[in-house]
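Student: model this:
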Amino acid sequence: MRSSPPVMRSIARFVLVLLALAVPARASEEMPEGFVYLRDVDPTIEQDMRYAGPSNFTGAPVAGYGAAECVLARPAAEALKRVQDAVAARGLTLKVYDCYRPARAVASFIDWAKEPDDLKAKDIYYPNLDKRALFPDYIATRSGHSRGATVDLTLKPRDAKPPKPDDLPRACIAPQKGQAPDGSVAMGTSFDCFDVKANTEAPGLSDEARANRAALVTAMQAQGFENYPMEWWHFTYTPEPYPDTYFDFPITPHGTPE
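Tutor: Residues are numbered from 1 along each chain as shown. Below you'll find the model as predicted:
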């Protein structure tokens, strides 16, 4: 993916700031009607919710993630189930890393960016970038995840063996062959890799990674999801159920299934 000219990048950052000021998040402590736990729609989709624990670029559980649960607007969750049905026929499963993201979590990412570099995190998640360069291309100051129809995910063989403890963590741009360190299919980088190699159509990918990325994009597009070109794992269901609303309810433990 080509980089935007400096002037256009400056304009984009300015627009993001204006949007952040103009559209307040809808604060609530309860999950609104219209949102569901993904496991109530399809319990076969694997969940590896990174921001609910320490295995993410901040090194700690993120504000708003009180449970390792994928929550989505119902139409997005139902579309994801249709994707799962399609890939299951090929011996695969979806593996989700992040779904709805509370606005307070996005604010905590911004606070994290102001802190001194953690060299271990840098080596793993953004080895070729300065921390300040992560906004807004890789970490949005106003995230579409907070609208409830965006999901980060990958594909995984149903019979994949669990990763060994010494396989994690490692640099997100480390070579992959056969599978990623977490047992998912080789995509060329791991999730939350802030690097040009994570661009969906990045040059220099192996044939295997290119084919796996294309398979994921094709499966998701077939059910109405659009890929964000800078991140192979990032998809938004369209039309979005809540295109103008940023929610801020926390993710809480799953209760009784509907």
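
Student: and the closest residue to L38 other than its chain neighbours, what is it in contact with?
Tutor: Excluding the flanking residues, the one nearest L38 by CB to CB, 6 or more residues apart in numbering is C70, at 3.9 Å. Glycine gets a C-beta too; all of them are placed from N, C-alpha and C. Counting by CB atoms under 8 Å, 6 or more residues apart in numbering, C70 touches 37-39, 45, 47, 49, 96, 98-100, 151.

Student: One more: D98?
Tutor: By CB under 8 Å, 6+ apart, D98 lies in contact with 49-51, 70, 145, 151-152.

Student: Just give me the closest of those residues to V106.
Tutor: Ranked by distance to V106 (CB to CB), these are led by H145 at 7.9 Å.

Student: Okay, now the unreliable bits of the stretch 51-200 of the chain?
Tutor: Applying pLDDT under 70 to the stretch 51-200 of the chain flags the ranges 164-169.

Student: what are the ranges of the strands in the protein?
Tutor: With strands called from DSSP state E, the chain shows them at 35-37, 46-47, 71-73, 92-98, 150-157, 225-227, 234-237.

Student: can you list these in TSV and add distance to T252?
Tutor: Compiled in TSV, the strands of the chain are given as follows (distance: least, CB to CB, whole Å):
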stretch	distance to T252
strand 35-37	10
strand 46-47	15
strand 71-73	9
strand 92-98	16
strand 150-157	19
strand 225-227	26
strand 234-237	23
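
Student: Distance of the residue nearest to L38 relative to R101?
Tutor: Between C70 and R101 the computed distance is 11 Å (CB to CB, to the nearest Å).

Student: again, but for M230
Tutor: Counting by CB to CB, the gap between M230 and R101 amounts to 17 Å.

Student: what bridges to the residue nearest the centre of the chain?
Tutor: Centroid-nearest residue in the chain: D152, 2.9 Å away (criterion: CA atoms, centre = their mean). Following DSSP bridges, D152 is listed with bridge partners D98, H234.

Student: tell me the contacts of it?
Tutor: 96-99, 145, 191-192, 231, 233-235.

Student: Wait, F191 touches T154, no?
Tutor: Yes - assessed by CB atoms under 8 Å, F191 is found in contact with T154 at 6.8 Å.

Student: out of M230 and R101, which sits in the busier spot?
Tutor: Neighbour comparison, M230 and R101: the larger count goes to R101, with 27 against 16 (by other CB atoms under 10 Å).
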